[in-house]
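Participant: sequence unknown, structure follows:
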């Protein structure tokens, strides 16, 4: 898929205005929708573009995917470079997972809010790491690395939450 | 009948329902449903195969369900795109024989023929199209057909194949709840987030939509394509069996159908009354009596209703909408008339459902609106639907790797890279699945895609980019390219559930051979329908009108003549008798009106 930021014609940054993003998507969706073409040939021609616009919006709407797309765009190998978390962190994740597995149903709500709080915390840090500093036009490589690390670490908690919600087998 | 051309290009919207089908168009005054042969827009989705090889469709076919249960196919929509094995449960209760045909697919057995559900649906669509063409005074062959939102790829494709077999050009299959939302929100005053709860004869859908300034966007959809009013009937039939001591296993098709019909009638009665008593004539011995209370009925279907509410919860969660954020709840489908269903959704949503839409007609009206968009009529409307089920491919160890997640806006696509495992391998097989679970055995195989004609290269060297694209119909299209050579790879598709292209064209040819006899048969059916309707209508009018005795006698005589020829089967004589009767009734129509006016004046003074 082509670069989602370019495809939707929005600035490549993390703190996108969701309303503006939605407006831009609807505008493109209208222009490219196969239903709105004058001939079956034209519909066939725009089909892939229409799918790409929908996919780009779905991606950018989600903050985690947006962060990933942004990081990949800035440094293609940053994600892979930052997949090894600290052993202490892994221990903590394991503990939390075990605790969730042994939970009684009545305690699920508190476990859920605990996880949600942690995930929100990661999202905030990610936003800070990916914010373009004042008097600069780009991100430093250390900021990109930090963002990639946060994204990776947050994944453990997001997965734990999905499991708790029964979204995974 | 009036002829009009609703838009530059006439495209018909068809709700192909489990129980009834309805056609609609957008005219100058907006969308409207078209009357069936007897004036009722609801055309029973029933096809009856007569011993002489001819067919009856619609009301005439439905009239034969008790008389010829083994040859009269109702609820065939539930068989579309399914295998015989998947329908084991349904087969136990259906009065007509369903078996596993080619590739294990569900087939209806009539004499020495195996008939596909697509062919049955094609007959219904043909009939609906024919009626619509008559009502419009113009031949229409471009259509939009609705499908349950939760229909998978195979069921959607089966619906499109049915339209093709019927000689129709299906421009789009549109999701039923989405169509209903169009009918609901077309006037522009209903902006907001809505939940459409659509419980039909055989399928259940729930969709969460956002309507905003002409944009109808589906946020999420969930459902069950094997849950509907038919199941309520079956549960009620179970209650009746318990009370009367009848056994399902020992019932012949006649008794089975009699109980089904009784249950259907009882369900309607228990919708308005707290208890009802029923006599069942099973054709053997004295009629059986049974008294059933509404509470007993509701107890028997509670778990089914609970299942629909669980799906509503899931759809809201996927849409990331809280129940208190909903601006409206719209009920669609005949089964939403069941009081327990209404109260369950009301309790769940904590609000009164909207009553501005007719649950039987909303889907057809919405299909007509979508048809009008496609015909170039209403470009200010934008419809963004979603794919109901995740799509994935089989990876090592029988695990499904998901490529497109459920509730993704369509069209949607993803490109994956594949390679070869041995030197000079010329083909790669990709197994595609639909479903939410992790393992292949828990998902439904959509088909196998075989990449062919790869250039000879060492193992792992070819790079084949395969693009999976779900189009605006919710149907999967696959294309592939070998990226090193830039050569388009060809793909052979073997659908797991459905007709192959060869089968479709063979069936088309066969039906063309029989087109002439179909036509003769059709006009005979129409004439008989018309004659029957006139007899009933005239009788009613005679009761109401205050006609001079000589006129009453003359009309009665004409009615008797029609009845006589209905019985004799002499079509030419019947046609004449119908003409005679209609000229007489046209005359008295004026008299009836004037006598009614006179009567009113008399009472006034």
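Facilitator: All right, it came through fine. All figures in this text were calculated on a predicted structure; none of them were measured in a lab.
Participant: flag the shaky bits of chain A, pLDDT-wise.
Facilitator: Where chain A drops to pLDDT under 70, the residues are A:1, A:104-106, A:167-169.
Participant: how about residue 161, what does it touch?
Facilitator: Picked chain A for this. Residues near residue A:161 by Cβ atoms under 8 Å, 6 or more residues apart in numbering or on different chains: A:112, A:115, A:116, A:119. For glycine as for every other residue, the C-beta is placed from the backbone atoms N, C-alpha and C.
Participant: wrong one, chain B
Facilitator: B:118, B:498, B:499, B:504.
Participant: and it, how close does it get to residue B:495?
Facilitator: Going from residue B:161 to residue B:495 by Cβ to Cβ, to the nearest Å gives 10 Å.
Participant: again with residue B:237
Facilitator: Noted for residue B:237: a distance of 34 Å to residue B:495, by Cβ to Cβ.
Participant: per-residue pLDDT, whichever residue of the stretch 201-350 of chain B sits closest to chain A?
Facilitator: Proximity of the stretch 201-350 of chain B to chain A (Cβ to the nearest Cβ) peaks at residue B:215, 6.0 Å away. You'll see residue B:215 listed with a pLDDT of 92.
Participant: who's it bridged to?
Facilitator: residue B:212, residue B:382 (DSSP bridges).
Participant: in this structure it contacts residue B:384, no?
Facilitator: Yes: using Cβ atoms under 8 Å, residue B:215 is in contact with residue B:384, at 7.0 Å.
Participant: count the residues that sit near the residue in chain A that chain B sits nearest to.
Facilitator: Nearest residue of chain A to chain B, counting by Cβ to the nearest Cβ: residue A:51, 3.9 Å away. If you count neighbours by other Cβ atoms under 10 Å in any protein chain shown, residue A:51 ends up with 28.
Participant: can you give me the helices for the chain?
Facilitator: This is for chain A. A:4-8, A:18-32, A:40-61, A:63-74, A:78-81, A:87-101, A:108-129, A:141-164 (DSSP state H).
Participant: correction: the question concerned chain B.
Facilitator: Assigned by DSSP H, the helices in chain B fall at B:59-62, B:88-93, B:117-136, B:153-165, B:176-185, B:229-244, B:253-270, B:294-319, B:339-349, B:362-374, B:501-513, B:515-544, B:549-568, B:571-604.
Participant: let me have these in TSV, extended by mean pLDDT.
Facilitator: Shown next, in TSV, are these (pLDDT from 0 to 100):
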stretch	mean pLDDT
helix B:59-62	92
helix B:88-93	75
helix B:117-136	95
helix B:153-165	94
helix B:176-185	95
helix B:229-244	91
helix B:253-270	87
helix B:294-319	96
helix B:339-349	96
helix B:362-374	95
helix B:501-513	70
helix B:515-544	71
helix B:549-568	83
helix B:571-604	67
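Participant: please say which of residue B:215 and residue B:384 ends up with more neighbours.
Facilitator: For residue B:215 versus residue B:384, neighbours defined as other Cβ under 10 Å are more numerous around residue B:384 (23 against 17).
Participant: can I assume the more buried one is in contact with residue B:219?
Facilitator: No: at 9.5 Å, residue B:384 does not count as touching residue B:219 under the criterion of Cβ under 8 Å.
Participant: list, one by one, the residues from chain A near chain B.
Facilitator: A:1, A:26, A:29-30, A:33-36, A:38, A:47-48, A:50-52, A:54-55, A:57-58, A:168-169 (Cβ under 8 Å from any Cβ of the partner chain).
Participant: name only those of the residues you listed that count as buried.
Facilitator: The neighbour-count test (16 or more other Cβ atoms under 10 Å in any protein chain shown) marks A:26, A:29-30, A:33-36, A:47-48, A:50-52, A:54-55, A:57-58 as buried among the residues of chain A next to chain B.
Participant: and the furthest pair within those?
Facilitator: Taking Cβ to Cβ as the measure, these reach their widest spread between A:36 and A:58, a distance of 20.1 Å.
Participant: quick revisit: among the contacts of residue A:161, who's most crowded?
Facilitator: When neighbours are counted by other Cβ under 10 Å, residue A:115 leads the contacts of residue A:161 with 20 neighbours.
Participant: not counting sequence-adjacent ones, nearest residue to it?
Facilitator: residue A:161 (4.6 Å; Cβ to Cβ, 6 or more residues apart in numbering or on different chains).
Participant: so which of residue B:237 and residue B:495 has more stuff around it?
Facilitator: Comparing residue B:237 with residue B:495 by neighbour count (other Cβ under 10 Å), the higher total belongs to residue B:237, at 26 against 21.
Participant: now that one: how far from residue B:299?
Facilitator: Distance, residue B:237 to residue B:299, by Cβ to Cβ: 15 Å.
Participant: thinking again about what came up before, now for the contacts of residue A:161: which two are most distant?
Facilitator: A:112 and A:119 (10.4 Å).
Participant: what's the local residue count around residue B:339?
Facilitator: 14.
Participant: just confirm it contacts residue B:269, I think it does.
Facilitator: No: counting by Cβ under 8 Å, residue B:339 stays clear of residue B:269, with 12.0 Å between them.
Participant: for burial, what's the neighbour tally of residue B:88?
Facilitator: Residues lying near residue B:88 (other Cβ under 10 Å) number 11.
Participant: from residue B:99, how far out is it?
Facilitator: Counting by Cβ to Cβ, the gap from residue B:88 to residue B:99 is 11 Å.
Participant: just list whatever residues bridge to residue B:481.
Facilitator: On the basis of DSSP bridges, residue B:481 is bridged to residue B:465, residue B:488.
Participant: which bits of chain B sit near chain A?
Facilitator: Near chain A, when you scan chain B using Cβ under 8 Å from any Cβ, you find B:172, B:215, B:370, B:373-374, B:376, B:379, B:382-384, B:408-415, B:437-439, B:467, B:469-472.
Participant: my read is that residue B:266 contacts residue B:291, right?
Facilitator: No: taking Cβ under 8 Å as the definition, residue B:266 is not a contact partner of residue B:291, at 10.2 Å.
Participant: neighbour count winner among these two?
Facilitator: Remark: of residue B:266 and residue B:291, residue B:266 carries more neighbours, 22 against 10, as counted by other Cβ under 10 Å.
Participant: please name the residues that touch the more buried one.
Facilitator: Residues near residue B:266 by Cβ under 8 Å, 6+ apart: B:236, B:240, B:276, B:278, B:292, B:297.
Participant: tabulate those residues (TSV), appending neighbour count.
Facilitator: TSV is the format used below for these (neighbours: other Cβ atoms under 10 Å in any protein chain shown):
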residue	neighbour count
B:236	25
B:240	20
B:276	19
B:278	19
B:292	22
B:297	25
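Participant: can you redo those as CSV with distance to residue A:88?
Facilitator: Shown next, in CSV, are those (distance: Cβ to Cβ, whole Å):
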residue, distance to residue A:88
B:236, 62
B:240, 67
B:276, 70
B:278, 72
B:292, 66
B:297, 61
